[in-house]
Structures are given as C-alpha cells and as structure tokens.
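*Asks:* Quick one: sequence plus predicted model below, questions after.
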Amino acid sequence: AQSVSQHNHHVILSEAASLELGCNYSYGGTVNLFWYVQYPGQHLQLLLKYFSGDPLVKGIKGFEAEFIKSKFSFNLRKPSVQWSDTAEYFCAVTPQTGTYKYIFGTGTRLKVLA
Amino acid sequence: GAVVSQHPSRVICKSGTSVKIECRSLDFQATTMFWYRQFPKQSLMLMATSNEGSKATYEQGVEKDKFLINHASLTLSTLTVTSAHPEDSSFYICSVKATGELFFGEGSRLTVL
C-alpha cells in the first residue's frame, strides 16, 4: 500500500539554524511529490512540488527539496530558518498516472525560537 | 491557482443532529473536489472524491450514508455529517485540484457533544 513517512514529528530550532525535514514514501510507480505548510490558524498551502526534471526543486520562502529516487525520499531543507517559519509541514505523494489521490504524511510541527 | 472557502469554520452540535459543511471554489470551476478528515496529531485522510453532477466516490471504510456529499455545481460541494456522534468530532478539509496541485479550504472543526 502507498504510504508517506515523516520521521520528525516535532522539531524545535533557533532562528538562523538550518532545517531538514525527512520524507520517505512507499509506492512502486512514478509519483508527483509535494510539501505543504500550514501556518497557525491558516489553511494548507503549497511550498513546492516535484513532477519531473531537476530533482532539486526550489519553493517559496527559501525552501527547497531534493528528490532521491533510489531512496524514495523528498526531504525539505532551508539553510536558515526564521521565526515566521513556525508551522506544520506535510509531505504528500500522488501517482503520476491514474487517480489524483494524495497520500499525506503525518506532518512535522516546527517551532522556531526567536 | 484556486481559492477555496469553507463554511462554517467551527461548529458545535449535539449528538444525533446533522451538520452541513460547505466548500466553495471561488475562482475556479471544479468538477472534482476532495474531502479530507484530520485527526489531532495525525495526517489528512481522504474521505471521498466529490464529482459534479454525479455520485461521490468514497474511500474504503468511510460510510457514505453517514457522510453525505453533494456536488451540485462547479463551485459548491457540501458534506453533511448525519446523526453526528462524538467520534465524528474532527477537522474536515476540502480541496480542489487545479494546475496539478491541490488547493485547500480553511477547514471546518466539528465538535459533537
């Protein structure tokens, strides 16, 4: 069965620290990959996505993610976090063909200390 | 992109009553909308795919008679939780697929007393 694993459930960092959130998926075919962010009191919004091409994708607000096909991973990174990055981050996967059914990870709650 | 709005954002009801949640696609004609449920500290679980003008497609384990979905127009889908019970208390989120990605509503928190 398809699944998405986010290993870090809670992360606490100081401002300017570097961030890496892990995401691994289980699926036998070709997938599209996403990172969504949910700021406190707001709805989910897209940070970045990977469909094909360069496995290093850049998103909004200085975030980037690297797709490593051999490891079934799509880790999210940011070189220097800010207090405003405090939010919950969700990794999601959907097959490239057929259904648009998205499978979400359990989320990682990031708290950045000022 | 697409702007998605849900109403109400919060609702409290008594056990046994029915609650309707609306999901509107404000600037995009959505033939398909998705309803998710999010439990505390857990992931979003797809409940059903709402199809304009036809029956919704429910995920395994989701009771279609319990969670009624109507998608009467290209901009509106509704989720009705019938005969709600405390275990139905949750955060319900709708989304619209546009340009290859999902756009989400703000979510509706249902509390059943």
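*Replies:* Now that the structure is in, tell me what you want to look at.
*Asks:* Output the lowest mean pLDDT helix or strand found in the chain.
*Replies:* I went with chain A, as the question did not name one. Least confident helix or strand, chain A: strand A:103-104 with a mean of 90, by mean pLDDT, DSSP states H and E.
*Asks:* look at chain B instead
*Replies:* Bottom-ranked secondary element of chain B by mean pLDDT, DSSP H and E: strand B:101-104, a mean of 85.
*Asks:* Determine the set of other helices and strands touching that strand.
*Replies:* strand A:31-38, strand A:45-50, strand B:90-98 (3 or more Cβ pairs under 8 Å, 6 or more residues apart in numbering or on different chains; DSSP states H and E). For glycine as for every other residue, the C-beta is placed from the backbone atoms N, C-alpha and C.
*Asks:* Please identify the helix or strand for the residue nearest to residue A:80 when sequence neighbours are not counted.
*Replies:* Ranked by Cβ to Cβ, 6 or more residues apart in numbering or on different chains and with sequence neighbours excluded, the top spatial neighbour of residue A:80 is residue A:16, at 5.0 Å. Under DSSP states H and E, no helix or strand contains residue A:16.
*Asks:* Please verify my assumption that residue A:16 contacts residue A:81.
*Replies:* Yes. Between residue A:16 and residue A:81 there is a contact at 7.2 Å, judged by Cβ atoms under 8 Å.
*Asks:* sorry, back to before: reformat the helices and strands packed on strand B:101-104 into CSV and put distance to residue B:106 and mean pLDDT next to each item.
*Replies:* Shown next, in CSV, are these (distance: least, Cβ to Cβ, whole Å; pLDDT from 0 to 100):
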stretch, distance to residue B:106, mean pLDDT
strand A:31-38, 10, 93
strand A:45-50, 11, 92
strand B:90-98, 8, 91
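*Asks:* so can I have JSON lines of those showing mean neighbour count?
*Replies:* Formatted as JSON lines, the helices and strands packed on strand B:101-104 follow (neighbours: other Cβ atoms under 10 Å in any protein chain shown):
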{"stretch": "strand A:31-38", "mean neighbour count": "22"}
{"stretch": "strand A:45-50", "mean neighbour count": "18"}
{"stretch": "strand B:90-98", "mean neighbour count": "23"}
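*Asks:* what's the nearest residue to the most centrally placed residue in chain A if we skip its chain neighbours?
*Replies:* In chain A, the centroid-proximal residue (Cα atoms, centre = their mean) is residue A:35; its distance is 3.4 Å. Nearest non-adjacent residue to residue A:35, counting by Cβ to Cβ, 6+ apart: residue A:47, 4.3 Å away.
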